[in-house]
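Enquirer: Below: sequence and its predicted model.
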Amino acid sequence: MMRNWKSSINHIILLAYMLVILYPFLFVIFSSLKADNVTIASNPFGFPTEFYWDNYVNAWVNAKISTYFWNSLYIALLCAVVSIFIGAMASFAITRMRYAKLSLFFFGLITVGMLIPNNSLMLPIYLLIRKMGILNTHMALIVPYIANAIPFTVIILAAFMRSLPGEIEEAAVVDGLRAPGIFARVVLPLTVPALVTVFIINFLGNWNEYLLANYFLSEDALRTLPVGMVGFRDAYQTNYAQMSAGIVFSVVPVMVIYAVLQEQIIEGLTAGGVKG
Amino acid sequence: MKKSLTLLLTLIFVASAALTGCGSNNTETQANGSDKGTETKTEEPKKAEPFELKLRHTQVGDAKKNRFAILEEVVKTTQGENEGLTIKLDGVESDINRKEKLRGEMAAGDIPDIFDVFGSPDAKLYAGQGKMLDLTPILDELGIKDKFTGLGPFTLDGKVYGLPIGASAEGVFYNKEYFTAKGFKVPTTWAEWEKLLADVKADGKTPLAGASKAAWVPLMVTNQLWSRTAGPEFAKGFATGDAKWTDPTMVKAFAKHKEWVDKGYFKKGELGFEYAELQTQFVSGEAAMMFDGTWQSSIFKAGGIGEKMIGKVGFFNVPAIDGGQGDQTAMMQDTNNGYGFSAKVAEDPRKLAAVKSFIKNLYTEDMQIRGLVEDGVLPAMLVDKAKIDANVTDPLMKEIATVLAGTTSSFPAFDALVQADVNTTLSIEIQKLIGGQTTPEKLAEAVQKVQDEANGQ
Amino acid sequence: MNKALRNPITYALFLLPALILFVMFFIYPTITAVYYSFTNWDGVSSTMKFIGFKNYTKALGDEAFWKSVLNNGYFIFFSCFIQVPLIILFSLLIANVKKLRGFYKTAVFMPSVMSTAVIGILWSFIYQPEIGLMNQVLGIFGIDPIYWLSEQKYAMWAILITNAWQWTGFYVVMVLAAILAIPKDLEEAASIDGATGVQRAFKITLPLIMPIVSVVIMLSIAGAMKAADIVLVMTKGGPAGSTDVMATYMIRYAITNFKYGFGNTIAVLIFIFTAIITLVYQLVLARRSERIEY
C-alpha cells in the first residue's frame, strides 16, 4: 500500500516535469496550424479548429530549412568524426607510447585548452580564418569546430586509454603489430564506449553552435540551422503561426533521428565509463 | 569501477586546475612556433568564363517584398547584359546587416561586391579605409552625377562611394477611420498634440505603437523631439564639441519622451518587441498612431500586411513645441540608405563592368518612380514633377508629399552625425529611460561622457 | 615491445594533427587576443596604437561590464543552486520507478538535442506577453500578464529558465546512469537495516553519486561562462544591456562599435575570470568530493 502511494507521488512529480518538457512542443505544433496571431490568442491551448497548412508551405519556401538542415547535419557529423579520430590518435600517443615526459607536457598543454572559453576568442579566430582565406566557406566552421573539440576529446579518451591494462599491447607486439596496428586493431576497438560518448557530446556541440556560424558565414545558402532559423525569425517575426511551422520543420528531423537512435544516444552518453 | 566516467571527468578539472599555474609559461614558449602555423594566402579568384557578384541586400520579410521584386528585376537585367554573370543575392535583416555583418566583414576584408550600406557615418568610415569603390568615374561616364538630390552622406573628400536608393522622412502615421469615429483631428499645435495623445489613451487605446527591442526605433521619436526643443541643427554640434547632450533643451526632449512613456502613450512592454511589431500594433488597430519612416507606407499597398487599411491611413508632421528652438516644421529627411561596392571590384574589369550596368539599371528615373509607386520610397534622384503626379495615385503617398511640401527644413538622423559608440551608449540609455532605470539628466550625462571620449580620439 | 611503441616518427605523426590545430585555435588566438588588448585597433584600419592598460581600466571601470559579469554569475548561481538539486531529485525519482522509466529517460533528454537558437526562438514565443504560453498559463491562476523579455527584472529569469529547460535533462541522464550503476546489494543492505527511501537517498545514494554531481556542477559552470547564443537569440543583451553576459558585451562593443582592441581586452578578462572560478571551485569544492570507493 505504502509503496504504491509513494510511487504514485513519484509519478505525479515526474509527469509534471514531463508536461513542462513536452507541452511547449505541443503548443508550437498547435500554433503552427492556426490562421494567425488572433486565432492563437483566442484559443492558446487547444487543438486548432481549422487547419492552416499554408503556414507550412510558406515556412518551407521562405526559410529554406532543408538547406540549413543538411548544412548543419553534415558539418556536425564530419567534425565530430574527424575530431575524435585526431583526438584518439593523440590520446594513443600520449598514453600508450613510451615518451612519458614529453607526453605529460603535451597533455598538460592541451588540458589548459579546457580553461580557454573559446567563444571569447572569436575575434582572433575570425582574423585567423580570414588569413587562411576560408571565410565564407564551410571550412570556416569545420576547422574551428574540429579544433575546439580537441581538448575535451583528448582528455576523455586519454583517461580511458590509460585505464586499459598494459598486457593487451604485449600480446599485440608479440603478434608483430607496430604502433599504428596496435592503435587501429587493439586500442581503438576497446575504446569504443568512450568514443561514442565523446562523439555524441561533440556532435551536439557542433549542431548547436551559433556564434561562429553566425559571424563567419554570410551567405544564405551556407547557413546552418541555428543561424538560418534566427534569420527566418528576424524576417517574419510577428507571424507566430508561420514561425511555429518553421520551428516544427527544424525540430522534427532531429526528433525522428533521436527517436530512432535514442537508445544508442543515451546509452552511449553514459556507457563511456559508468557501466565499465 | 575503474573506468568510471565520473572519474574521467573529474580528472579533467583536477588536471586543468593543476596546470593553470604553468599554463601561462607554456603559452609564452609556444608564441614563436605558432606564427609559422598560420600561412597567409591571398589568391585572387581565377578569371573563368562564368563569374559571380555577391549582393547583400536587406529586403527580407513580407513588408519588403515589393522592394525585393524591383531589385530582382534589376539583377535579372544586369545578368542579361553581362555574359557569364551570376549575381548571388544574400538577404539579411537591415539592422543586423548594418551593425553586425557589415562591420565584421569590413574588419575581415571579406566584403560582398555590392552591399546595402548606411552613408554616414558607416560608408564614410569604410571609404576612408579604402574598402569602398570610388564611383565618381562611373557616375561621370553614365552622366547621372547631377541627377541625385543628395549624395552628401556618401561623399568623402569630393569622391562618391555609394548611391542612395531612396529618400525617407519620419512622421506620424494615424488611423483615419478611428480618428473620424472618435472625432479626433490632426493636431496643429503642441497643446492639441498632447491632448490628442491623452484622449486616445483615455479612450482605452494605445496612442503610439511601441517596439523598442532595437533602440533606433524609439530614438526616432526622441530625435524628432529634440529637433523641436533644441532645434534641427543642434545635433550637428555633438561630434565637433560645439553642442552638448546635457544642454537643457536636450534634457527637455528626453524628459518629454519619458513623460509619454510614464503616461502610457506607448505600447506597454515595448522593450521586448521587435521593430515589425510596430506595424502589427498599428495595423491591428491596437495603436491609433505610429511614429515611423515613410518607407513603411509600402505595407499599406495591395498584398502588404496593412492591405485592409488602404485609404484609411494618414500622415502628419509633429507640431511646433512652445518655446522650441529653430525651425519648428523640420522633419527627419535623408538619403542615407543605399548601395555601396567593394573596392576589390576594380581589380576585375568584368566585375567592374557588371557593377556599372547594375548602377545604370537601378538608378533610373523609371526605377525611382516605381520605387515610389510600388513601394512608397521617396525618390533620391531628380524626377520630373509631372511624371510623379501622373503616376502617384495612392492617397497616402499624396498626403506624405503634401506634408513634405509643408516643411521648410529638414535634419539628418542623429546616427549619421555621431560616432558609433555614442550611438551604442544612447541606445542603451534610451532603453534604460523607457524601463525607468535612469533619469533624463543622467542619460544626458552618460551619453556626453562617451561623446567627449569619442571626440578626443 | 618498447621498440614498437617508441618510434619518434610515429609518435609525432599521431600527435601532430591535434597539436597543430590546438596551437592554431587556442594558443595563437590567445596570444593575439592579449596583443590586441593593449591596442586601440578599430578592426578596419591598417594602423593602431599601443595604449597600455587603458582598455583594461576602461572595462573594469565600466558599470555595464560588471553587470555582464554579474549576469554570468547569475547563470552559475542558478545552475548550482536551483538546477543541480532539481537534477538530483529528478534522477532519484526516475531511478525509483519501474514503470515508464524508459519514457522519462527519453523525454527528458529531448530538449538537449535541439539547437539552442531554435530553443531561444521557441521560448521567445512562449514568453510573448499577449499570446505566449507562459502568460496564458499564469492567466489561469489570475496572474496579470508579465512582460518577460521587456522588463529588466524578468528578462534574466526568462533566459535562465529557458537555459535550465534545455540542459536539465542532459544532466539527469548522466546522474541517472551513475545511480543505476550503484551495486544493488548496498541498497538492499540499507533497506534491511530499516532505512527509509529518503534516508537511503541521503545516506547512500547521494554520497556515491557526488563525483558525477561534481562533474555536472563543473560542466554547468563551464556552460555558464560560455553562454552567449541563448542571450543573443532571445534578447540581444537587452533591454538596456540588462541581460548582457561577458561574451555578448564583447560582441556589442567590439563589432558594433569598431573597437577590436577593447573587444580583445574583454576576451582576455573572460579567460582570467574563467580561470579564477575554475581554480576556486577546485580548491573549495572538488577536493572534498574527490573519489569515493565503492
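Expert: That came through, no problem.
Enquirer: What pLDDT is listed against residue C:28?
Expert: In this model, residue C:28 is scored at 91, pLDDT.
Enquirer: Check the offset of the strand or helix carrying it from the chain's centre.
Expert: Residue C:28 is part of helix C:28-36, with elements assigned from DSSP states H and E. When C-alpha coordinates are averaged (Cα atoms, centre = their mean, to the nearest Å), helix C:28-36 and its chain have centres 24 Å apart.
Enquirer: and it, what does it pack onto?
Expert: helix A:122-131, helix B:5-37, helix C:260-284 (3 or more Cβ pairs under 8 Å, 6 or more residues apart in numbering or on different chains; DSSP states H and E). (C-beta placed from N, C-alpha, C; glycine too.)
Enquirer: among those helices, which gets the worst mean confidence?
Expert: helix B:5-37 (a mean of 38).
Enquirer: I figured residue A:177 hits residue A:184, correct?
Expert: No. If you go by Cβ atoms under 8 Å, residue A:177 and residue A:184 don't touch, sitting 9.0 Å apart.
Enquirer: neighbour-wise, which of these two wins?
Expert: For residue A:177 versus residue A:184, the count of surrounding residues by other Cβ atoms under 10 Å in any protein chain shown is larger for residue A:177: 17 against 14.
Enquirer: what secondary structure does that one sit in?
Expert: The three-state assignment at residue A:177 reads coil, by DSSP: H, G, I helix; E, B strand; the rest coil.
Enquirer: Can you pull the phi and psi angles for it?
Expert: Backbone torsions of residue A:177, given as degrees, to the nearest 10, read phi -80, psi 150.
Enquirer: quick one, what contacts it?
Expert: A:185, A:186, C:4 (Cβ atoms under 8 Å, 6 or more residues apart in numbering or on different chains).
Enquirer: ranges for the helices of the stretch 151-276 of chain A?
Expert: A:167-174, A:179-181, A:188-208, A:211-216, A:225-235, A:240-271 (DSSP state H, counting those that start in this stretch).
Enquirer: any chance of these in TSV, plus mean pLDDT and distance to chain B?
Expert: Formatted as TSV, the helices of the stretch 151-276 of chain A follow (pLDDT from 0 to 100; distance: least, Cβ to the nearest Cβ, whole Å):
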stretch	mean pLDDT	distance to chain B
helix A:167-174	80	14
helix A:179-181	85	23
helix A:188-208	85	7
helix A:211-216	86	6
helix A:225-235	83	4
helix A:240-271	78	7
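Enquirer: could you dump the ones you listed to CSV with distance to chain C?
Expert: Shown next, in CSV, are the helices of the stretch 151-276 of chain A (distance: least, Cβ to the nearest Cβ, whole Å):
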stretch, distance to chain C
helix A:167-174, 4
helix A:179-181, 4
helix A:188-208, 5
helix A:211-216, 6
helix A:225-235, 3
helix A:240-271, 3
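Enquirer: Please identify which of these is closest to residue C:261.
Expert: helix A:211-216 (18.0 Å; Cβ to Cβ).
Enquirer: just the residues of the stretch 1-150 of chain A that are near chain B, which are they?
Expert: Contact residues, the stretch 1-150 of chain A versus chain B (Cβ under 8 Å from any Cβ of the partner chain): A:37-38, A:107-109, A:111-112, A:114-115, A:126-133, A:135-136.
Enquirer: can you do 7 Å?
Expert: Proximity of the stretch 1-150 of chain A to chain B (Cβ under 7 Å from any Cβ of the partner chain) is limited to residues A:108-109, A:111-112, A:114-115, A:126, A:128, A:130-133, A:135-136.
Enquirer: Return the item of these having minimum pLDDT.
Expert: residue A:115 (71).
Enquirer: just to revisit the earlier point, which members of the contacts of residue A:177 are classed as buried?
Expert: Neighbour-count burial (16 or more other Cβ atoms under 10 Å in any protein chain shown) applied to those gives A:186, C:4.
Enquirer: in chain C, which ranges drop under the pLDDT threshold?
Expert: By pLDDT under 70, the low-scoring segments of chain C are C:1-3, C:285-294.
Enquirer: could you redo the contacts of residue A:177 as TSV and give each row distance to chain B?
Expert: As requested, those are exported to TSV (distance: Cβ to the nearest Cβ, whole Å):
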residue	distance to chain B
A:185	20
A:186	16
C:4	24
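Enquirer: Tell me the residue of the stretch 101-250 of chain B that sits nearest chain C?
Expert: Distances between the stretch 101-250 of chain B and chain C by Cβ to the nearest Cβ are smallest at residue B:107, namely 3.6 Å.
Enquirer: Now do the contacts for that residue.
Expert: Counting by Cβ atoms under 7 Å, 6 or more residues apart in numbering or on different chains, residue B:107 makes contact with C:43, C:44, C:260.
Enquirer: For these, give me CSV that also has neighbour count.
Expert: CSV is the format used below for the contacts of residue B:107 (neighbours: other Cβ atoms under 10 Å in any protein chain shown):
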residue, neighbour count
C:43, 24
C:44, 18
C:260, 26
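Enquirer: Nearest to chain A among the residues you listed?
Expert: Once Cβ to the nearest Cβ is applied, the member of the contacts of residue B:107 that ends up nearest chain A is residue C:260, at 6.2 Å.
Enquirer: Can you tell me the closest non-neighbouring residue to the closest one?
Expert: residue C:43 (3.7 Å; Cβ to Cβ, 6 or more residues apart in numbering or on different chains).
Enquirer: cool, and residue B:55?
Expert: Here the residue nearest residue B:55, using Cβ to Cβ, 6+ apart, is residue B:114, at 4.4 Å.
Enquirer: my read: the one you found touches residue B:345, true?
Expert: No. In this structure, residue B:114 is not within contact of residue B:345 by Cβ atoms under 7 Å, at 8.3 Å.
Enquirer: now residue A:230, nearest residue through space, not along the chain?
Expert: In space, and not counting its chain neighbours, residue A:230 is closest to residue C:117: 5.2 Å by Cβ to Cβ, 6+ apart.
Enquirer: Show the contacting residues for the one you found.
Expert: A:210, A:226, A:229, A:230, C:229, C:233.
Enquirer: hmm, 10 Å instead?
Expert: The contact partners of residue C:117, by Cβ atoms under 10 Å, 6 or more residues apart in numbering or on different chains, come to A:208-210, A:213-214, A:224-231, A:233, A:250, C:229-230, C:232-234.
Enquirer: can I assume it sits in a helix?
Expert: Yes. Residue C:117 forms part of a helix when assessed by three-state DSSP.
Enquirer: if I look at it, how far off is chain B?
Expert: 14 Å (Cβ to the nearest Cβ, to the nearest Å).
Enquirer: contacting residues around residue C:273?
Expert: Taking Cβ under 10 Å, 6+ apart as the test, what residue C:273 contacts is A:117, A:120, C:69, C:72, C:73, C:225, C:246.
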